[in-house]
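Trainee: Sequence first, predicted model second:
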Amino acid sequence: MIKRIFAHLTIVISVMMIVLVCIDSVNPAMGFLKGGVFTTLLYIYIGVAIVAAALSLAAGARAAKKRRESGGK
């Protein structure tokens, strides 16, 4: 349960960060993000976080399906 919550939170926060990056690229005067290194690291974080969350959710779904098929909890 906790893993699913954290996986969903990771996806939501990543999408929020993507929106902030887009807004900052359109209107840099907003100043959401500063510096090229930070932006590069942020893109890497977003990609890794989304992939990790998706893999976690997929593993949970596979485990739940396996439990249903075996008749266990």
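Mentor: Good, I have the coordinates.

Trainee: Same question for the helix ranked longest in the chain: list its buried residues.
Mentor: Of all the segments of type helix in the chain, defined by DSSP state H, the longest one is helix 36-70. Residues Leu42, Ile46, Ala49, Ala53, Ser56, Leu57 are the ones in helix 36-70 that count as buried (16 or more other Cβ atoms under 10 Å). (Each C-beta comes from the backbone N, C-alpha and C, glycine too.)

Trainee: so which pair among those is furthest apart in space?
Mentor: Pairwise distances across those peak at 22.4 Å for Leu42 and Leu57 (criterion: Cβ to Cβ).

Trainee: Give me the below-cutoff pLDDT ranges for the chain.
Mentor: Applying pLDDT under 70 to the chain flags residues 1-3, 72-73.

Trainee: ok so, going back, packing partners of the longest helix of the chain?
Mentor: helix 2-26 (3 or more Cβ pairs under 8 Å, 6 or more residues apart in numbering; DSSP states H and E).
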